[in-house]
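**Q** after the sequence you'll find the predicted model.
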Amino acid sequence: MMHDLKFGRSVGCFKSSTTYRFALHKHQEWKLVHARILLLGDEGPAGPRCTDEEIVAALDVGLSTIGRVRRRFVTESLESAIHPRPRPPRPDKVKIQGEVERHLIRLACSDPPAGRCC
């Protein structure tokens, strides 16, 4: 792996000694981060699970991310928790087309309603 992990004796979980830098695409990087969230939060024979604050410090993610990944793991599946959901298109990338475009042009080119003009 391209990162360095150290075992934290006092807290019993893995902590990163460097910032995570992957030569991967963003979606692949998030798959690894989501898997690490689940692994660090798991209690097993290797020791107690990490607290949310320890996971935040180790992986440099927010508490809401940890909560979302756990919720998706419990309510949906492991696959669903590891694979991030596709994001909706950004508003500046959405193009107005068809009837909406024609209606907008009609409004822009028409006279303003009575009492609305400067």
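**A** That came in fine, so what should we check first? Numbers count the residues shown, from 1 in each chain.

**Q** and residue 47, backbone torsions?
**A** phi 140, psi -180 (degrees, to the nearest 10).

**Q** count of neighbours near it?
**A** The local packing of residue 47 (other Cβ atoms under 10 Å) involves 11 other residues. C-beta coordinates here come from the backbone N, C-alpha and C atoms, glycine included.

**Q** please name the bridge partners of it.
**A** Note on residue 47: beta-bridge partners residue 44, judged by DSSP bridges.

**Q** just the element for the spatially most central residue of the chain, please.
**A** What sits nearest the mean C-alpha location of the chain, by Cα atoms, centre = their mean, is residue 65, with 6.1 Å. Secondary structure assigned from DSSP states H and E places residue 65 in helix 63-75.

**Q** strands of this structure, residue ranges please.
**A** In the chain, the segments counted as strands under DSSP state E are 5-8, 13-16.

**Q** rank the ones you listed by mean pLDDT and give me the bottom one.
**A** Here the lowest mean pLDDT among the strands of the chain goes to strand 5-8, at a mean of 37.

**Q** all helices for the protein, in order.
**A** Taking DSSP state H as the test, the helices found in the chain are 26-40, 52-59, 63-75, 78-82, 98-109.

**Q** which of the ones you listed sits closest to residue 46?
**A** Counting by Cβ to Cβ, residue 46 lies closest to helix 26-40 out of the helices of the chain; the figure is 9.8 Å.

**Q** could you give the separation of the closest one from the chain centroid?
**A** 10 Å (Cα atoms, centre = their mean, to the nearest Å).

**Q** and stretch 37-56, by the same measure?
**A** Using Cα atoms, centre = their mean, the distance from the centre of stretch 37-56 to the centre of the chain it belongs to is 19 Å.

**Q** which positions in that stretch come out as buried?
**A** Buried residues in stretch 37-56, counting neighbours by 16 or more other Cβ atoms under 10 Å, are found at 37, 38, 40, 41, 49, 50, 52, 54, 55, 56.

**Q** could you do stretch 69-79 as well?
**A** 69, 70, 72, 73.

**Q** my read: the first one touches residue 38, true?
**A** Yes. Under the criterion of Cβ atoms under 8 Å, residue 69 makes contact with residue 38 at 6.6 Å.
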